[in-house]
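Participant: here is the input, now give the coordinates:
(one chain, ligands or ions: 1)
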Amino acid sequence: MIDFHTHILPGIDDGSRDVDMSMAMLREEQSQGIHTIIATPHFYANRRSINQFLERRQHAFEKLQTALEKEGKSRTSLDSTEGKSRLPQILTGAEVYYFAGMGRADQLPQLCIEGTDTILIEMPFDQWREDQFRDLKTIIEKQHLTVVLAHIERYPEFQKSMRVWDSILELPVIPQLNTGNFLKKDSFFSRNKKRRFCLQMLKDHSEVLLGSDCHNLTSRVPNLAAGRAVIAKELGEEVLHKSDRTADRLLSA
Ligand SMILES: [Fe+2]
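Facilitator: Reported below is the predicted structural model:
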């Protein structure tokens with residue numbers, strides 16, 4: 001299992017506060033059977049340059065890596081001989097908030113998930129516009145990147161007109177859904193509506209990715225396994241296999 005959207009790196013955004021929290025989140029992901037986690041800290045072009053972001057991300061990643069190495073050394077040989085499952089592998093990425101002109105930003109590939117041409121983009125929580133469609137089209141056609149749209153279920157409520165939405169969804173973009181939508185927690189009505197939307201998305205689209213979008217261990221928790229269990233119950237295991245194949249394909253590209 002791959003968690004495609006997380007804020008697990010310590011102290012870089014509104015996700016994990018520190019290394020201890022990141023380690024606890026990692027253990028939680030491990031206990032759910034997740035083998036790979038994409039770390040996708042927020043990137044806002046109006047706050048930092050891409051270089052500054054990459055530097056900060058590297059720093060956060062190294063802090064976590066140091067803690068992981070320490071833990072590795074403190075493990076007893078008994079742990080390894082009993083084949084205790086290893087903590088998930090972390091790949092660095094970003095949740096890139098849309099910015100005007102991003103289609104032509106030549107540093108954009110540096111924000112892709114490491115080793116891939118796949119970029120996770122967070123769209124504005126507002127009526128989508130024609131120029132935003134054009135930017136996404138340019139990213140796909142001129143920069144040859146694969147665009148994943150973060151938590152696609154969060155945008156429809158802002159679309160008074162669905163014209164641009166429809167055009168964007170006709171592009172070869174890959175929608176990503178947050179698994180929390182499958183678990184009742186918020187007000188019943190809004191959650192139910194989003195849940196129906198997400199299930200429909202999984203039925204209608206050949207390629208959909210899943211992520212927990214976890215930020216911590218209290219309010220926005222790693223919940224991939226629980227969300228997947230609901231999907232399996234509602235739509236059958238094959239939908240999950242299909243999503244796993246998409247994730248594998250993107251990471252091996
Ligand atoms: Fe996120």
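Participant: ok, and the closest non-adjacent residue to the residue positioned nearest the centre of the chain?
Facilitator: Taking CA atoms, centre = their mean, the centroid of the chain lies closest to His5, which sits 1.7 Å from it. Leaving out its chain neighbours, the residue that sits closest to His5 by CB to CB, 6 or more residues apart in numbering is Gly211, at 2.8 Å. Quick note: C-beta positions are derived from backbone N, CA and C, even for glycine.
Participant: pLDDT at whatever residue of the stretch 101-250 of the chain ends up closest to the ion, what is it?
Facilitator: Using CB to the ion, the single residue of the stretch 101-250 of the chain nearest to the ion is Asp213, 4.4 Å away. On pLDDT, Asp213 comes in at 98.
Participant: for Glu122, see how far away it is.
Facilitator: From Asp213 across to Glu122, the span is 10 Å (CB to CB, to the nearest Å).
Participant: report the contact partners of the residue lying closest to Ile113 once chain neighbours are set aside.
Facilitator: In space, and not counting its chain neighbours, Ile113 is closest to Gly93: 3.9 Å by CB to CB, 6+ apart. Counting by CB atoms under 8 Å, 6 or more residues apart in numbering, Gly93 makes contact with 38-40, 111-114, 118-120.
Participant: in a markdown table: those residues, plus pLDDT.
Facilitator: Shown next, in a markdown table, are those (pLDDT from 0 to 100):
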| residue | pLDDT |
| --- | --- |
| Ile38 | 98 |
| Ala39 | 98 |
| Thr40 | 98 |
| Leu111 | 98 |
| Cys112 | 98 |
| Ile113 | 98 |
| Glu114 | 97 |
| Thr118 | 98 |
| Ile119 | 98 |
| Leu120 | 98 |
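Participant: re earlier: right, and the residue of the stretch 101-250 of the chain closest to the ion touches Ile8 too?
Facilitator: No. The pair Asp213 / Ile8 is not scored as a contact, 10.5 Å apart, by CB atoms under 8 Å.
Participant: if the residue in the stretch 51-200 of the chain positioned nearest to the ion is in a bridge, with which residues?
Facilitator: Nearest residue of the stretch 51-200 of the chain to the ion, counting by CB to the ion: Glu95, 4.7 Å away. Glu95 forms beta bridges with His42, Leu120, as assigned by DSSP bridges.
Participant: correct me if wrong: it contacts Ala39.
Facilitator: No. The pair Glu95 / Ala39 is not scored as a contact, 9.8 Å apart, by CB under 8 Å.
Participant: name the surrounding residues that touch the helix or strand harbouring Ala229.
Facilitator: For Ala229, the element it lies in under DSSP states H and E is helix 224-235. The contact list for helix 224-235 (CB under 8 Å, 6+ apart) reads 1, 3, 29, 32-34, 178-183, 199, 202-203, 210-212, 239-240.
Participant: tell me which of the residues you listed fall in strands.
Facilitator: 3, 178, 210-211 (DSSP state E).
Participant: mark which of those are buried, thanks.
Facilitator: By neighbour count, with 16 or more other CB atoms under 10 Å, the ones in strands among the contacts of helix 224-235 hold 3, 178, 210-211 as buried.
Participant: pick out the most distant pair among the residues you listed.
Facilitator: Taking CB to CB as the measure, these span a maximum distance of 10.8 Å, between Asp3 and Asn178.
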